[in-house]
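**Q** sequence first, then the predicted structure, then my questions.
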Amino acid sequence: MKYRAEIDGLRALAVVPVILFHAGFEFFSGGFVGVDVFFVISGYLITTILIDDIEKNRFSLVNFYERRARRILPVLFFVMFVCMPFAWMWMLPSQMKDFSQSLIAVSFFASNILFWRESGYFDAAAEEKPLLHTWSLAVEEQYYVLFPIFLFFAWRFGKNKVFWMLAVFSAFSLALSEWGWRNNETANFYLAPTRAWELFSGSIAAFIVQKRGVQTNNILSLLGLAAIIFAIFAYDESTPFPSVYALVPVIGVLLLIFYGDKKTLAAKLLSTKVFVGIGLISYSAYLWHQPLFAFARIKVLEPSEALFSVLAILSIIFAYLSWRYIEQPFRNKEIFARKQIFSGSFVGVTCFLCLGAIGSYTNGFQQQRYDEAFLARNDINYLRSNESKFLGNQDIKASWMLLGDSHADALQDGFSDVLKAHNQSSIVRTIEGCPPAMNLWRHDINYGDRCHENYAEILNIIQNKQVSNVLISARYALYLNSNRFDNGEGGIESGGTDRVIYDHFNYRDEVRIDSLRYRAIESELVSYVKELSRLGVNIYIITSIPEVGWNVPEVMMQGGIDITTKRIIYDKRVDSLKSFYSRVSDTPNVTLLHSEDVLCDELVCIASQDTFPLYYDTNHLSIYGARLLLDGFTKKLFQSNPQ
């Protein structure tokens, strides 16, 4: 295969925007498309090599996998190893458990599946995962495992038919990604079936270049370069991805592959020493940057742009060192023989699997790293309520029901305590992401049927007189504002806009006009309260829990003892809820329980008390917070419901 310096330069154009995007520089809002550039390049290079081997009758799966192992595993294992002491020192047990599970997933090249199940790529929690970026390696490795086998067996049908098979596969995958971003954004982003078309595009390019050669066309090659640059600066987290939008950078890469002969201006630019130099170390740079950024976010409360700039430069320095002293030697067959590569790979995978399994089983080595007092104050495993279907005194018939979304889930242990104190009991009917209404649910979670069925069943339970009191808690501020919380002090909850779908009489569509959306959502929330009231139960609605913006346990780990948010920010956040509160408070049998009366004073809303966090993340109450809140409501809850 003839070396093309401009391809290495293209790698530089891919990795630098990815690093700067993950560093949080808004100017590179679409830097994540660098991964897509890598996918196309990988498909092109690997297919070129495979075609050449097959046509010259020297194809060998063992040789292919050996080359991949030499290229990928040594530096990957080294970066994983370096991450471990910092994870041990700085991570909470819940974080360490997640990290341990990622060690297992990376070893199996299945981290894209793990991170799909855990969180969205743009979520705040994802930014603190040192190995998050390995999802793209997993996609490539899944391709590397299957594609050579397919190509070898399909070759008997002829090269032309293989080409058209790839074209069909690519079209199907693109169509799947276009469907996927509308129906399951996170799976669409992480999983191989919706990414395969980008790799297949590179494979198709390999067939075309082998037949026609690289053409010289300044206009088309510059257009390809411009398309990639456009996507890097024009796209952002709200851009559906992957989808037809990904065609812009993908086609840009293809134009450079097809028409970027070394004589063109684009190729000359990409072939300069700076671009080629960064391109050569791009794999190592990609591996180093995310752990550096993630541990900075874990350790430092408000990491500055200056810090991330230093870390970005440091990732390039580390990349050069690991390229020079790890990548290069392991690619040299005279230094490391095949047997050493395969045996070393086996040992490395086995070690990380064992460490990951132990870390997961021991909840992040929690007993080995922390005492019980620390865990009780700081770790999410201790701060979150245990999910249950029955609260309070389980020996008597339930007279209460707790319903709502994850904010109601967070109240379970606290509510159970106060119920026991008054010799009463409650059943639990909560689902995360489901507003208490018949026809509402969050777009990013898309639990439409589950939400509807749950709240319909609640009405049946109440209609059958199984309970006489309901306690409702939900994140009303999110639903009615449809945007994440900004505490005005740097604590901005990540995750983008939570679009709430409005479904009425089986007609589903997003209400895009703010005023219409607000009225539709409010009406649905109020209607459900009125329906509960019509059935004769006593209804207690907790007003929207004050959000924090900071991840409270993590801030406390980083030295933030007295954590508060300004009361004026809370008041501004819930100002849009006044109409809703007014309408439900005018409904018979409804009592409003004002969370701000317990958790706020005239100046601030508290998020910690006596070194104990009152939240287990940015907006959900911890067990301590739930107990504090519900203790403040005891008289109102039980004055008409004595023991």
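**A** Yes, it's here. Residues are numbered from 1 along each chain as shown.
**Q** buried sites along the longest helix anywhere in the chain?
**A** When secondary structure is assigned using DSSP state H, the longest helix within the chain turns out to be helix 61-90. Neighbour counts using 16 or more other C-beta atoms under 10 Å place 64-66, 68-70, 72-80, 83-84, 86-87, 90 of helix 61-90 among the buried residues. C-beta coordinates here come from the backbone N, C-alpha and C atoms, glycine included.
**Q** show the contacting residues for residue 30.
**A** By C-beta atoms under 8 Å, 6 or more residues apart in numbering, residue 30 lies in contact with 17, 21, 231, 232, 233, 234, 235, 236, 239.
**Q** starting at the chain centroid, how far to the helix or strand hosting the second one?
**A** When you say that, I think you mean residue 21. Secondary structure assignment for residue 21, by DSSP states H and E: helix 5-22. Helix 5-22 sits 23 Å away from the centroid of its parent chain (C-alpha atoms, centre = their mean, to the nearest Å).
**Q** could you do stretch 70-80 as well?
**A** Between the centre of stretch 70-80 and the centre of its host chain there is 24 Å, according to C-alpha atoms, centre = their mean.
**Q** mean confidence for that stretch?
**A** The average of the pLDDT scores along stretch 70-80 is 96.
**Q** so what touches it?
**A** Outside of stretch 70-80, the residues within contact range by C-beta under 8 Å, 6+ apart are 103, 106, 131, 134, 137, 141, 283-284, 287-288, 291, 322-323, 326-327, 330-331, 336, 341, 344-345, 348, 352.
**Q** swap in 7 Å and give it another go.
**A** For stretch 70-80, the surrounding residues in contact (C-beta atoms under 7 Å, 6 or more residues apart in numbering) are 103, 106, 137, 284, 287-288, 291, 322, 326-327, 330-331, 341, 345, 348, 352.
**Q** per-residue pLDDT, the nearest residue to residue 493 once chain neighbours are set aside?
**A** The spatial neighbour of residue 493 that comes closest, neighbours along the chain excluded (C-beta to C-beta, 6 or more residues apart in numbering), is residue 484 at 4.1 Å. Taken from the predicted model, the pLDDT recorded for residue 484 is 85.
**Q** gap between residue 484 and residue 22?
**A** Separation of residue 484 from residue 22 (C-beta to C-beta, to the nearest Å): 19 Å.
**Q** same check on residue 109?
**A** As it turns out, when the distance is counted by C-beta to C-beta, residue 109 lies 21 Å from residue 22.
**Q** higher neighbour count, the two?
**A** Summary of the neighbour comparison: residue 109 and residue 22, criterion other C-beta atoms under 10 Å, with residue 22 having more neighbours (25 against 20).
**Q** contact partners for the more buried one?
**A** Contact criterion C-beta under 7 Å, 6+ apart gives 289, 290, 293 as the residues in contact with residue 22.
**Q** the residues you listed in helices, which ones?
**A** Using DSSP H, the subset of those located in helices is 289, 290, 293.
**Q** of the residues you listed, which is the nearest to residue 525?
**A** residue 293 (39.0 Å; C-beta to C-beta).
**Q** okay, now the closest one: neighbour count?
**A** Neighbour number of residue 293 under other C-beta under 10 Å is 25.
**Q** now do residue 474
**A** Close neighbours of residue 474, defined as other C-beta under 10 Å, add up to 25.
**Q** repeat for the one 4 residues further on
**A** When neighbours are defined as other C-beta under 10 Å, residue 478 has 25 of them.
**Q** what about it, distance to residue 555?
**A** Using C-beta to C-beta, residue 478 is found at 21 Å from residue 555.
**Q** just residue 595 next, same as before
**A** When distances are taken as C-beta to C-beta, residue 595 and residue 555 turn out to be 21 Å apart.
**Q** can you check residue 352 too?
**A** Using C-beta to C-beta, one gets 30 Å for the distance from residue 352 to residue 555.
**Q** and residue 428, that's in a helix?
**A** No. Using DSSP: H, G, I helix; E, B strand; the rest coil, the assignment for residue 428 is strand, not a helix.
**Q** how about residue 438, secondary structure?
**A** Using three-state DSSP as the criterion, the local structure at residue 438 reads coil.
**Q** read off the pLDDT value for it.
**A** Residue-level confidence at residue 438 comes out at 88, pLDDT.
**Q** just residue 509 next, same as before
**A** Residue 509 carries a pLDDT value of 50.
**Q** heads up, I number from 10, so please use that
**A** In the new count, where the first residue is 10, that last one comes out as residue 518.
**Q** state the distance from the nearest residue to residue 350 once chain neighbours are set aside to residue 125.
**A** In space, and not counting its chain neighbours, residue 350 is closest to residue 78: 5.3 Å by C-beta to C-beta, 6+ apart. According to C-beta to C-beta, residue 78 stands 25 Å off from residue 125.
**Q** residue 391 now?
**A** Here the criterion is C-beta to C-beta. By it, residue 391 lies 27 Å from residue 125.
**Q** repeat for residue 372
**A** Residue 372 sits at a distance of 22 Å from residue 125 (criterion: C-beta to C-beta).
**Q** again with residue 382
**A** Between residue 382 and residue 125 the distance is 36 Å, computed by C-beta to C-beta.
**Q** quick one, which of these two is more surrounded?
**A** Neighbours around residue 382 and residue 125, counted as other C-beta under 10 Å, are more numerous at residue 125. The numbers are 19 against 9.
**Q** so that one touches residue 199, yeah?
**A** Yes. In this structure residue 125 lies within contact range of residue 199 using C-beta atoms under 7 Å: 4.0 Å.
**Q** check the burial of residue 612 by counting its neighbours.
**A** By the criterion of other C-beta under 10 Å, residue 612 has 9 neighbours.
**Q** in this structure it contacts residue 574, no?
**A** No. Counting by C-beta under 7 Å, residue 612 does not reach residue 574; the two are 10.3 Å apart.
**Q** before we move on, back to that, okay if I get the ones in helices among the contacts of residue 31 as a markdown table plus pLDDT?
**A** A markdown table is the format used below for the ones in helices among the contacts of residue 31 (pLDDT from 0 to 100):
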| residue | pLDDT |
| --- | --- |
| 298 | 97 |
| 299 | 97 |
| 302 | 96 |
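**Q** of the residues you listed, closest to residue 253?
**A** Checking the ones in helices among the contacts of residue 31 against residue 253 with C-beta to C-beta, the nearest one is residue 299 at 27.6 Å.
**Q** who's in contact with the closest one?
**A** Contacts here follow C-beta under 7 Å, 6+ apart; on that basis residue 299 touches 31, 139, 141, 142.
**Q** domain parsing for the chain?
**A** Segmentation of the chain into domains, based on automatic domain parsing, reads 14-378, 387-647.
**Q** worst average pLDDT in those domains?
**A** When the domains of the chain are compared on mean pLDDT, domain 387-647 scores lowest, with a mean of 86.
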